[in-house]
Structures are given as C-alpha cells and as structure tokens.
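Student: sequence and predicted structure are below.
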Amino acid sequence: MEEERENKSNNEADYVVKSEDAQLKSDHRYAAGVVTGLLSAVCIFIILIAVGIFWLHGRISVGGIFGGGGSSANIVNNSVRAKINELTAAIDEYYYEDVDTKDLTEGLYKGLFEGLDDPYSVYYTEEEYQEMMISTSAQYYGIGAVLQQDPKTMQVQIKKIYDNTPAQEAGLKDDDLVISVEDIDARSMELSELVTHIRGKENSRVHLVISREGESEYLEFDVRRGKVDVPTVDGQMLEDNIGYIIIAEFGEATAESFIQKVEQLQKQGMEKLVVDLRDNPGGMLSSVSEILDYILPEGLIVYTEDKHGNRQEVTSDAEHYMELPMAVLINGHSASCSEIFAGAIRDYDYGTLIGTTTYGKGVVQTVRPLSDRSAIKLTTARYFTPKGENIHGTGIAPDIELKYKYTGKKGEEYDYEKDNQVRKAVSELKRMGE
C-alpha cells in the first residue's frame, strides 16, 4: 500500500479488465496486470505536506513522520565533505568530458536514497517530480498496454495490448519484453515508478526499446500518448447462481462499479460470489476501503503504524454488509490493496482464499515536495491486517493452495470451465451449500 497513487485520483496501482463481453471472451491471465499509462501498482496516498493538502480523501494521515532529526541528520560531516571534494576534484581533473555540476549534485541526492536499499523510496528532481505530478493528475495519458514485472529479475513484459490504443497503432505486441523507457533501464526500478515515465502529456511520445521473440535485434518504438479508458470491474453469472467478479485494480471508480455489478448479479439470483484478484497490483486505499465497507460488518479494515508507534485506522461502518458465501482468488501478482482486501476477508472469516501466496507489499509511501521543487517518496509506515499481521515480504497464503492451470488454447475465447482456480472456487462454494 502506498501513500501515493499514479492514477486519476492521485493514487497508485496497475491493471485492467475489458468490457464485460470482451474480457470474459479473452484469455483471463492476459487481461489483468499493470496498465501502462493508466495506473501504477500499489495502494497509495500522495500527501503534499508542504501545503497541507491531503490527497486521496485524507483517509490516512501521517503526522510527525518528517519531523525531528535522527541518527542520519549529521551524515554530511567534515570527513564526508572532504571525500566528496576529493571525488569531484578527480572527476574534474580526469573525467574525459565536461560535467554539469547540477547533475553530480542530483546524483548525490539520489545516492542517499539508494543507500536505504528500499525500492519504494526515491528522490525526484524538479523535472521528474513535475512529470510524476502530470501522471498522477486527472489529465494523464498513456499507451494502453498491460505490463507485468517479475519480482525477482525485475524484467518487464507486455501482457496485453488493447485494441484501438496508441500501443497497438505503434506496433507493440503481447509478450514483448520492455528493455528501456526513454533512457531508463526497465529493470532498474519498480514497475509503478517506471509507469510514470511511460505516461505523460497528450500526443507527446515515449521511446521504448523492445525485445521480441524471433527478432535478432532490439526493436525501437516512439509511441504517441493518448487517453485510454479501461474498466476495472467485470463479471458474469456462473452455474448454480454463483456470481463471478473480476477486480483488475482499485481505481477511482472501482468501488461504484463493484457495487453495481453485485446488484446486477443479485437481480439475476446470485447466492454466492467468487471475487478474482489475480494479477491485481493494487490501487487506491479509498477504493478498496469502500468495497470492504460494503462487504464487511462494522469493524477495523486495515491500520498503519510508523516507527514512532503512531497508528492510523480505516474502518467499516454498520450501514451495509454482505452475507454471501465467498471465495477470493489470489496469486503472486496480487499486491498491496489486493492484499488489504484478502487480509480483511481472511481475518473476518468472510471467505475462502484460493490460489497462491500474494506478492507481499505491506508498507506505506509518502510523497513530500521540497522547497526547491524537487521531491522525495519515502517509505514511512507499515500496514497491518485487522488481526495485526504485517505481510511485507511474506504475503498472504491462501486457504487452499492451487497453482494456476488453464487448459484452453491461447487465442481462444476465455472459458472459466478451463480455469482450474475458478473451477475450484465454484466447487468449494457448492460444497458450502450442501
């Protein structure tokens, strides 16, 4: 979960689902992931502390996080200054080209954050921060591709190209490997961060270097950015009055869409529900909180704690809750807000988790602009499930472990009957009614 989001409401996450008909007729495993230019991957709240503006509806604040000096306050002592001078003198004397002093200074700042060994904590130059703000505003534009990153190798792959999008027009294809974005090695940063460099102003272009199976050399594309709208919720009625809802990410309109889909299926006689969070990388805390408030009885949904022990809670009220037998599908790409959802459902014993262990992101990020118009994104707190578990680095294990297997052929219409995890969820829900 992150206190910054890279989508329309200044929150972060990634993901996608097509329109109801088209999505359910495509390969499900390729229809969810991270949508470049749409969102980014994690639960976030962007907090502009300098001007006192709390984005993401102020559902969680982090007062005191940046106050006071700590053990790192005196890091630039005389010895460090002397070494910096020695290093810069060597560069000035021996480096084969002239160097911009500003670039070296910015490099020092970035290096300070790299010393944290935390992929989520980042220093932004003024230019990078402005680009990030563009990508998190309501006026962001992307290319219409679903991206996925291997958590071990950091390799980024295009999992899906949507029809009639800039990515399709440029000639990008499913399964392409992203080597670089502009001059950035795609493996050098977390996907949510990389996506901010793919999004940008409307009709501007982003340069991508791609590796494609069957091609002996890298391919290069200048892709025009444009507005891409992809719904985040889809679903259908399965057998025996079992509803099936896919949440591809937790975006600004996801909660409303989820509630509408539930009510639509209930009118069709839904008595039990499968919620599919596979490959859902996260999104807005306010979005997942609203959905859980709709599902769960009164009580705690999630809480955060910083290193000083300051605790902030998000709760469900007593106005509405669902009383439907439920199964939730998860996998290793279910992250952040998806893990908040899965953790709350598990802790309230409101459903059965089926699939494989989730990604394991249980920390919160805060974005803070600095006086010179640069900014920092810093991991500032851990989040905990209702029963007090922090899942960072471990993830949430399913109640029923089952590796994904789809018996249909690639390119054929998606058929839930051939998806072993959906079939297992259906059989478990049937068993509950026996």
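Tutor: Perfect, thanks for sending it.
Student: which stretches in the stretch 251-400 of the chain count as helices?
Tutor: All helices of the stretch 251-400 of the chain, identified by DSSP state H, counting those that start in this stretch, fall at 254-267, 285-295, 337-347.
Student: determine which stretch of those is the most buried.
Tutor: helix 337-347 (a mean of 28; mean count of other CB atoms under 10 Å). The way it works is simple: take the backbone N, C-alpha and C, and place the C-beta from them, glycine included.
Student: by contact count, what packs against that one?
Tutor: Other helices and strands packing on helix 337-347, by 3 or more CB pairs under 8 Å, 6 or more residues apart in numbering; DSSP states H and E, are helix 285-295, strand 299-305, strand 326-330, strand 352-355.
Student: please repeat the previous calculation with a cut-off of 7 Å.
Tutor: helix 285-295, strand 299-305, strand 326-330 (3 or more CB pairs under 7 Å, 6 or more residues apart in numbering; DSSP states H and E).
Student: okay, the ones you listed in JSON lines with distance to Val122 and mean pLDDT next?
Tutor: Output for these, formatted as JSON lines (distance: least, CB to CB, whole Å; pLDDT from 0 to 100):
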{"stretch": "helix 285-295", "distance to Val122": "20", "mean pLDDT": "95"}
{"stretch": "strand 299-305", "distance to Val122": "20", "mean pLDDT": "97"}
{"stretch": "strand 326-330", "distance to Val122": "28", "mean pLDDT": "98"}
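Student: of all those, which lies closest to Tyr120?
Tutor: The closest of these to Tyr120 is strand 299-305. By CB to CB, the value is 14.3 Å.
Student: could you say what helices and strands the closest one packs with?
Tutor: Contacts defined by 3+ CB pairs under 7 Å, 6+ apart place strand 299-305 against strand 311-316, helix 337-347, strand 375-384.
Student: C-alpha coordinates for the first one, CSV please?
Tutor: This points to strand 311-316. Written as CSV, here are the backbone C-alpha positions of strand 311-316 (Å, rounded to 0.1, in the frame of the first residue of the first chain):
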residue,chain,number,x,y,z
ARG,A,311,-1.4,4.4,14.4
GLN,A,312,-4.0,5.3,11.8
GLU,A,313,-7.1,3.2,11.2
VAL,A,314,-9.5,2.6,8.4
THR,A,315,-12.8,1.1,9.5
SER,A,316,-16.1,-0.3,8.1
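Student: who are the packing partners of that strand?
Tutor: Helices and strands touching strand 311-316, by 3+ CB pairs under 7 Å, 6+ apart, are helix 285-295, strand 299-305.
Student: try 10 Å this time
Tutor: Secondary-structure packing of strand 311-316 (3 or more CB pairs under 10 Å, 6 or more residues apart in numbering; DSSP states H and E): helix 285-295, strand 299-305, helix 337-347, strand 375-384.
Student: so what strands line up beside the shortest one?
Tutor: In this case it means strand 299-305. Strand 299-305 has the following strand partners under DSSP bridges: strand 311-316 (antiparallel), strand 375-384 (antiparallel).
Student: is it possible to get CSV of the ones you listed that adds mean neighbour count?
Tutor: Formatted as CSV, the strands paired with strand 299-305 follow (neighbours: other CB atoms under 10 Å):
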stretch, mean neighbour count
strand 311-316, 16
strand 375-384, 22
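Student: no further questions, thank you.
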